[in-house]
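Participant: take this sequence and fold it.
(one chain, ligands or ions: 1)
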Amino acid sequence: MKVLVPVKRVIDYNVKPRVKPDQTGVDLANVKMSMNPFCEIAVEEAVRLKEKGVASEIVVVSIGVTQAQETLRTALAMGADRGILVTAEGDVEPLAVAKILKAVVDEEQPGMVLLGKQAIDNDNNQTGQMLAALLDWPQGTFASEVVVEDGKVNVTREIDGGLQTLALEGPAVITTDLRLNEPRYASLPNIMKAKKKPIDTKEAASFGVDIAPRLSVVKVTEPPAREAGEKVEDVATLVSKLKAAGAI
Ligand code: AMP
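Facilitator: Next up, the predicted model:
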């Protein structure tokens, strides 16, 4: 089975985001960018499926600026086989990403698309669900376990009430949750090998998808600074202070 893994280049999760002075967004100039952590989990899961003999080929795809090629190289170093870079300037919203991914799926015919449950830059949590709807494929979102057995994909998903297991038939869209696995670090030899793996580049415009933004950002601001805490002597003092503040 061929597995398609969309990976997004985002601001590194260790970086404290700075808001642009004109409040139009987050300042990305000279900021470390990395693969979205949930996409790393998706790549890791695909590599594990290949190691188990379930996946035959892993194709990674990224939609974004030319530098998203580095993100694809990271995925190739982790074990993916080839990459597709779809170049686009600016922020491409989930619906446009899902439409481009649908076109890639139509071309590549994978048996499974494994995405992150959300991108940590905009926290949309939409692309996987939109892609499944566009493809009319079954979806298993927030997966904490993926087992392929007898042609079915059994997905254990994290829901409010606990865990739910779905048996998906046919090609499926799966989005990864944090507990699915712990992604590996790419070894130096694999980083070297990844340099020789192929990356196909296409322009977003060639897919005939309108990628113009549909949302407009009104204002981006820093969260209010946290007020200093206070240490209390004992529980009784804590309770009386909470009562005085009307918290209990
Ligand atoms: P979102 O719906 O934006 O929170 O993103 C969820 C998942 O969709 C991400 O973890 C990626 O797997 C995929 N995705 C979103 N945007 C892109 C993009 N520009 N390129 C590749 N994959 C993307």
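Participant: contacts only, for the residue lying closest to V209 once chain neighbours are set aside.
Facilitator: Distances taken as Cβ to Cβ, 6 or more residues apart in numbering place K99 nearest to V209, at 4.4 Å, with adjacent residues excluded. For glycine as for every other residue, the C-beta is placed from the backbone atoms N, C-alpha and C. The contact partners of K99, taken as Cβ atoms under 8 Å, 6 or more residues apart in numbering, are 134, 207, 209.
Participant: so which bits of this protein are right by the ligand?
Facilitator: Counting by Cβ under 6 Å from any ligand atom, the chain comes close to the ligand at 6-8, 36, 38-39, 42, 62-64, 92, 94, 97, 115-116, 118-119, 122, 124-128.
Participant: how does it look with 5 Å?
Facilitator: Contact residues (Cβ under 5 Å from any ligand atom) of the chain with the ligand: 6, 8, 36, 38-39, 62-64, 94, 97, 115-116, 118-119, 124-127.
Participant: in helices, which of these appear?
Facilitator: Here DSSP state H is the test, and these give 38-39, 94, 97, 127 as lying in helices.
Participant: could you dump the residues you listed into CSV and include pLDDT?
Facilitator: Output for these, formatted as CSV (pLDDT from 0 to 100):
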residue, pLDDT
F38, 98
C39, 98
P94, 97
V97, 98
T127, 98
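Participant: filter those down to the buried ones, PyMOL style.
Facilitator: Of these, the buried ones can be selected in PyMOL as follows, counting by 16 or more other Cβ atoms under 10 Å:
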select buried, resi 38+39+94+97+127
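Participant: in terms of distance to the ligand, which of the ones in helices among the residues of the chain next to the ligand ranks first?
Facilitator: The shortest approach to the ligand among those belongs to T127, at 3.3 Å (Cβ to the nearest ligand atom).
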